[in-house]
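**Student:** one predicted model, sequence on top.
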Amino acid sequence: MLLKITQTAHYVPSKVVTNDDLSKMMDTNDEWIRTRTGIRQRHVVTDEDTTDLVVNVANELIQKGGISGADIDFIIVATASASEAVPTAAAEVQKAIGASKAFVFDLNAACSGFIYGMSVLRGLFTNPTYKKGILIGAEVLSKYTDWSDRTTAVLFGDGAGGVLVEKDAAAGNMFLGEDLLSMGDLGDKITMAGTTNESPFNDGATADNPGKWVTMDGRAVYAFATRNVPKSIERALAQADLTLDQIDLFVLHQANYRIVESIAKRLGQPIEKFPMNIANYGNTSAASVPILLDELNAAGKIKRGDTIALSGFGGGLTLGTEIIKF
Ligand SMILES: O=C(O)C1CCN(c2ccc(-c3cc(CO)ccc3Cl)cn2)CC1
């Protein structure tokens with residue numbers, strides 16, 4: 001379909017928390033965090049929440065695009081940490097940017113949310129009515145982090161990134177191949193934001209939902225990612241009838257630098273094709289791919305016509321790859 005990512009943008013809260021800052025809060029240190037994860041610092045909200053991050057990205061996208069909110073046909077926000085369930089983050093953005101004709105919704109596929117959102121966006125554009133859509137990945141994981149648990153508190157960060165996608169008769173096919181996969185039987189390997197079922201009718205029984213704080217079986221998630229991400233990329237390439245060498249850049253979820261190195265090795269591709277920014281942001285879940293995409297775009301490291309593989313993987317457990325023509 002004749003679509004184009006016409007703008008990219010990202011926003012992170014101003015407060016930076018370094019590994020040394022964390023070493024004063026819990027039994028950890030910079031050397032351990034850096035060597036095991038690649039993370040040096042992360043951005044954490046102070047007086048902002050998810051809606052604020054998303055609105056900043058949306059405003060930048062329409063400003064860069066030279067359009068107004070009233071021009072937008074739909075807004076999708078991929079997040080597992082919205083400010084509230086209702087109204088959705090997407091509805092809050094619609095209000096903030098005056099997207100009066102848009103339909104809007106949030107989508108939760110955890111760390112794969114932006115990738116799943118790209119697939120949904122492509123489907124929406126089959127309707128000839130829709131010409132301009134916004135997709136934003138955003139997380140405030142700091143509010144679901146147990147800041148006394150050194151096994152998880154050092155891993156995550158807050159942030160948002162997004163794209164403005166528009167129909168363009170002069171563009172070529174943007175979506176070349178896709179592979180989406182979920183393994184719900186492994187869902188308990190990453191949990192977050194559990195709720196209780198308190199009501200006058202539950203005779204005190206409480207649902208056995210997970211707790212509020214992020215939990216992760218790192219070994220299991222690590223194994224899931226190393227085993228399945230390369231295969232997902234290869235399935236998406238087969239659908240696109242492309243080879244690995246025809247991919248200019250692999251823009252992968254920034255969960256752990258060793259994971260990205262392992263995926264590059266399994267694919268037999270040079271690490272130079274796997275840009276990473278986890279050092280600066282930590283793992284921002286659904287925001288990590290669009291933040292990296294915007295940084296690469298802003299730095300001129302992605303050119304019009306480049307073939308890019310986007311992959312997200314994590315909570316659910318979920319996994320997804322989109323092969324796009326930028
Ligand atoms: O080396 C160590 O001891 C630890 C071992 C455990 N680690 C992990 C494990 C898993 C993840 C991870 C998380 C998500 C969720 O976005 C998705 C994908 C992955 Cl691979 C990140 N770090 C950190 C260093």
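**Tutor:** In hand now; what should we look at?

**Student:** and residue 245, how many neighbours does it have?
**Tutor:** Residue 245: 9 surrounding residues under other CB atoms under 10 Å. Where C-beta positions appear, they are placed from N, C-alpha and C, glycine not excepted.

**Student:** any idea how far residue 37 is from the residue lying closest to it once chain neighbours are set aside?
**Tutor:** Nearest non-adjacent residue to residue 245, counting by CB to CB, 6 or more residues apart in numbering: residue 269, 7.9 Å away. Residue 269 sits 22 Å away from residue 37, going by CB to CB, to the nearest Å.

**Student:** likewise residue 156?
**Tutor:** Taking CB to CB, one finds residue 156 at 10 Å from residue 37.

**Student:** who's more crowded, residue 269 and residue 37?
**Tutor:** Using other CB under 10 Å as the criterion, residue 269 and residue 37 rank with residue 37 on top: 22 against 18.

**Student:** and the more buried one, what is it in contact with?
**Tutor:** Contacts for residue 37 (CB atoms under 8 Å, 6 or more residues apart in numbering) come out as 154-155, 256-258, 278, 282.

**Student:** which parts of the chain are strands?
**Tutor:** Ranges of strands in the chain, per DSSP state E, are 3-11, 16-18, 41-43, 74-78, 103-107, 132-139, 159-167, 175-182, 190-191, 215-216, 249-252, 307-314, 318-325.

**Student:** mind putting those into TSV with mean neighbour count, mean pLDDT and distance to the ligand?
**Tutor:** Converted to TSV, the strands of the chain look like this (neighbours: other CB atoms under 10 Å; pLDDT from 0 to 100; distance: least, CB to the nearest ligand atom, whole Å):
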stretch	mean neighbour count	mean pLDDT	distance to the ligand
strand 3-11	22	98	17
strand 16-18	16	98	17
strand 41-43	24	98	13
strand 74-78	29	98	13
strand 103-107	19	98	16
strand 132-139	30	98	9
strand 159-167	27	98	13
strand 175-182	19	98	14
strand 190-191	22	98	6
strand 215-216	18	98	6
strand 249-252	24	98	10
strand 307-314	25	98	3
strand 318-325	25	98	9
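
**Student:** can you name the residue of the stretch 51-200 of the chain nearest the ligand?
**Tutor:** residue 111 (3.9 Å; CB to the nearest ligand atom).

**Student:** for the chain, same thing?
**Tutor:** residue 218 (2.8 Å).

**Student:** so residue 187 makes contact with residue 224?
**Tutor:** No - judged on CB atoms under 8 Å, residue 187 makes no contact with residue 224 at a distance of 11.2 Å.

**Student:** these two: which is more packed in?
**Tutor:** Using other CB under 10 Å, the more surrounded residue of residue 187 and residue 224 is residue 224, with 21 against 15.

**Student:** quick check: residues of this protein near the ligand?
**Tutor:** The chain comes close to the ligand at residues 36-37, 111, 155, 190, 218, 221-222, 225, 255-256, 259, 283, 285, 313-314, as judged by CB under 6 Å from any ligand atom.

**Student:** could you identify the longest helix within the chain?
**Tutor:** Secondary structure of the chain read by DSSP state H shows that its longest helix is helix 218-240.

**Student:** the closest residue to residue 94 other than its chain neighbours pairs with what?
**Tutor:** With sequence-adjacent residues excluded and distances taken as CB to CB, 6+ apart, residue 94 is closest to residue 104, at 4.8 Å. Beta bridges link residue 104 to residue 75 when assigned by DSSP bridges.
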